[in-house]
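Engineer: with the sequence up front, the predicted model follows.
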Amino acid sequence: MQVVRDTSEQLILANRPWPLGAGIALFILIFAAAGLIIAAEEPWFGLLFGGTGVLLGAGAFAAFVRRKQVILDRNSGQILIRRRSVLGYAESKLPLAELTGAELETTRSATPDGRGSMLYRPVLMVSAGPYPIVKSYTNTKGPKRLVDAVNSWLERSKTPA
C-alpha cells in the first residue's frame, strides 16, 4: 500500500495491483496463444494445454488481484475501507473520532532451523481494538511508512492553525 493523497481533509492509502494483474493477464494470453498453436497440430492436447493455462491464470487473477483503499476523511468523520476484486466489492466504515493512531503489529516468521525474521503489518488503533489495514505481514518498510503517514496526519489535525 502507498499514500495516494495526503491533505488536511483526507488521507488515502491504496493498494493498486496493476503490475500483478498485467503479469497474470499476460500469462493467460501466452498460454491461450500457445494452446491455439499446438491445437493446429494436436487439437485435444492444444485445447487441454491452453485451457489449463487459462484456468490457472484466471484462478490466480481472482485470488491475488485485489484492490484495497483506506480513506480517513475529516469532512465526513469516517474511516472508509474499500476492497474490490473480480469476486466482488466490500466496504466498511468506522468513526474517525475513535481512531487514536496507527501501530505496527509484529509477528515472527517460523523456519525449520529456528532462525525466523520479524514481520510487520499496519493496524489502526480504534476503541474496539486494533483494526488491521492489510491481512498479510511483511518484512519491508511499507508498513512503517503507512503507520507514520497515519500518525502524522492525525498529529497535524491536533496542531492549531
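Structural biologist: Good, I have the coordinates.

Engineer: how's this structure carved up into domains?
Structural biologist: 2-17+65-158, 21-63 (automatic domain parsing).

Engineer: how about the ones you listed in CSV, adding mean pLDDT and mean neighbour count?
Structural biologist: Backbone N, C-alpha and C define where each C-beta goes, glycine included. Converted to CSV, the domains of the chain look like this (pLDDT from 0 to 100; neighbours: other C-beta atoms under 10 Å):
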stretch, mean pLDDT, mean neighbour count
domain 2-17+65-158, 87, 15
domain 21-63, 91, 15
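
Engineer: so where does Leu124 fall, helix or strand?
Structural biologist: strand 118-126 (DSSP states H and E).

Engineer: just Pro112 next, same as before
Structural biologist: Counting by DSSP H and E, Pro112 is part of no helix or strand.

Engineer: look through the protein and tell me its longest helix.
Structural biologist: Taking DSSP state H as the criterion, the chain has its longest helix at helix 18-41.

Engineer: what's in contact with the helix or strand just after it?
Structural biologist: Going down the chain from helix 18-41, the next helix or strand is helix 43-64, by DSSP H and E. Helix 43-64 is contacted by residues 17, 20-21, 24-25, 27-28, 30-40, 85-87 when judged by C-beta atoms under 8 Å, 6 or more residues apart in numbering.

Engineer: export whichever helix or strand comes after helix 43-64 as CSV, just CAs?
Structural biologist: For helix 43-64, the following helix or strand on the C-terminal side (DSSP H and E) is strand 66-73. What follows is strand 66-73, C-alpha atoms only, in CSV (Å, rounded to 0.1, in the frame of the first residue of the first chain):
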residue,chain,number,x,y,z
ARG,A,66,-7.4,-7.3,-5.1
ARG,A,67,-7.6,-3.5,-4.7
LYS,A,68,-7.8,-2.0,-1.2
GLN,A,69,-8.3,1.6,-0.3
VAL,A,70,-8.4,3.2,3.2
ILE,A,71,-9.8,6.7,3.4
LEU,A,72,-9.5,8.8,6.5
ASP,A,73,-11.9,11.7,5.9
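
Engineer: show me what strand 66-73 is packed against.
Structural biologist: strand 10-15, strand 78-85 (3 or more C-beta pairs under 8 Å, 6 or more residues apart in numbering; DSSP states H and E).

Engineer: give me the contact list for the shortest one.
Structural biologist: Outside strand 10-15, the residues within contact range by C-beta under 8 Å, 6+ apart are 1-6, 66-75, 133-134, 146, 149-150, 153.

Engineer: I appreciate the help and will end here.
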